[in-house]
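> sequence plus the predicted model coming up.
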Amino acid sequence: MGKVIKFNSNEQFIEKLKEYSDNLELFFKEYEKAVPLLKKYFKLVDKDLKLKVLLLLGSFAKGASWDFCYEVAMDRKENEMVRDTSALNLGHILKYSIDNEPLIETLLMDAKSDQKDKREYAIRALGFEGNYKAALPLVELLFDHDTNIQQCAINALSNIKDPSVVKILISQLKNASREKVMTILLNLWRFEDKKEEILPIYLDYIKNTDPELRLYSLALLKNISNIDEHLNILATLIKDKDKRIRKLTAEYLGKSNNEGVKHLLSQFLDDEDMEVKRTAVTALKKFSSLN
């Protein structure tokens with residue numbers, strides 16, 4: 001009698017999940033069957049395949065996936081990256097959904113939970129562009145006792161892009177922790193309609209005594225203003241104690257089309273750091289080639 005070969009149906013379906021994640025044409029062709037399978041066998045696959053499945057569902061099966069993404073985001077046994085991706089996916093789905101009010105209300109309640117992780121993932125999911133309903137509850141979380149919750153709220157508010165919160169975020173900079181200031185600086189520039197209010201903040205922090213805050217502010221300045229308009233400030237950074245700031249300053253000057261920056265670049269030629277010096281030399285060669 002021949003040997004009986006046991007057939008593992010789970011493995012068969014896991015292979016099917018891989019096929020769907022790698023073959024969009026097959027996914028669309030078998031959509032009605034594919035979506036339930038992706039959900040049912042999700043827990044059995046590894047992290048990388050889970051991330052692919054979430055991307056697939058969040059992109060092409062929005063209406064059939066928000067309850068699933070919510071469950072994954074709130075599953076305390078799930079991998080942190082998978083939960084985070086699922087929460088962001090959920091926000092993306094809600095952004096394009098008409099009847100999203102019930103789930104938004106649920107997430108607002110979760111943001112007040114006594115479980116820290118549940119709060120964090122709920123806040124991430126609420127942070128989608130145009131979700132103005134969540135703006136006020138998220139502003140309240142800027143005063144939360146937990147600094148991680150505060151930072152999650154800053155990120156979410158910046159994703160929502162409600163211009164009315166800009167003044168509030170700027171006011172939060174006063175007496176804030178270094179981490180909170182950095183989180184605000186990393187996000188303020190995204191409020192494109194408020195550049196006139198935001199620009200002075202970055203220019204001020206470029207003069208800060210904290211090198212990390214100076215570096216962050218300088219790096220983000222290009223997102224909200226023409227660097228050529230601030231050559232006087234760049235000139236003050238040529239002898240900065242932090243070589244990262246000096247190198248970035250040389251890079252900015254090297255991208256300018258103003259030949260007047262050559263005398264500023266030449267001041268880097270005696271810099272003690274070779275990377276800074278090399279950056280300046282490369283920039284000066286550019287100007288030489290133009291003549």
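Looks like it arrived, so ask away.
> where does the chain have low pLDDT?
Where the chain drops to pLDDT under 70, the residues are 1-8, 289-291.
> try it again at 90.
1-14, 58-59, 61-66, 96-100, 192, 256-260, 285-291 (pLDDT under 90).
> domains in it, by residue range?
According to automatic domain parsing, the chain comprises the domains 8-17+42-161, 162-225, 227-291.
> can you give me how far the shortest one is from the chain middle?
The gap between the average C-alpha position of domain 162-225 and the chain average comes to 15 Å, counting by Cα atoms, centre = their mean, to the nearest Å.
> could you do the first one as well?
When distances are taken as Cα atoms, centre = their mean, domain 8-17+42-161 is centred 14 Å away from the chain's centroid.
> repeat that for the last one.
Relative to the mean C-alpha coordinate of its chain, domain 227-291 is positioned 29 Å out (Cα atoms, centre = their mean).
> circling back: how about the domains of the chain in CSV, adding mean neighbour count?
C-betas here are computed from N, CA, C, even on glycine. Output for the domains of the chain, formatted as CSV (neighbours: other Cβ atoms under 10 Å):
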stretch, mean neighbour count
domain 8-17+42-161, 18
domain 162-225, 16
domain 227-291, 16
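> can you list these in CSV and add distance to Tyr31?
CSV is the format used below for these (distance: least, Cβ to Cβ, whole Å):
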stretch, distance to Tyr31
domain 8-17+42-161, 8
domain 162-225, 35
domain 227-291, 48
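> center of the chain - which residue?
Asn155 (7.7 Å; Cα atoms, centre = their mean).
> from Gln115, how far out is it?
19 Å (Cβ to Cβ, to the nearest Å).
> what do you get for Leu136?
From Leu136 to Gln115 the distance is 22 Å (Cβ to Cβ).
> now the residue nearest to the centre of the chain: which helix or strand?
helix 147-160 (DSSP states H and E).
> would you check that Leu269 makes contact with Ala280?
Yes - here Leu269 reaches Ala280: they are 6.1 Å apart, a contact under Cβ atoms under 8 Å.
> look at Leu138 and give its secondary structure.
Recorded secondary structure, Leu138: helix (DSSP: H, G, I helix; E, B strand; the rest coil).
> for it, what are its contacts?
111, 123, 126-127, 153, 156-157, 160 (Cβ atoms under 8 Å, 6 or more residues apart in numbering).
> what sits closest to it if chain neighbours are left out?
Sequence neighbours aside, Ala153 is the residue nearest to Leu138 in space, at 4.8 Å (criterion: Cβ to Cβ, 6 or more residues apart in numbering).
> which residues in the stretch 101-250 of the chain form helices?
For the stretch 101-250 of the chain, the helices defined by DSSP state H, counting those that start in this stretch cover 101-110, 116-126, 135-140, 147-160, 166-172, 178-188, 195-205, 211-221, 231-235, 243-255.
> rebuild the ones you listed as TSV, extending it with distance to Ser65.
Below are the helices of the stretch 101-250 of the chain laid out as TSV (distance: least, Cβ to Cβ, whole Å):
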stretch	distance to Ser65
helix 101-110	12
helix 116-126	13
helix 135-140	24
helix 147-160	19
helix 166-172	32
helix 178-188	27
helix 195-205	36
helix 211-221	34
helix 231-235	48
helix 243-255	42
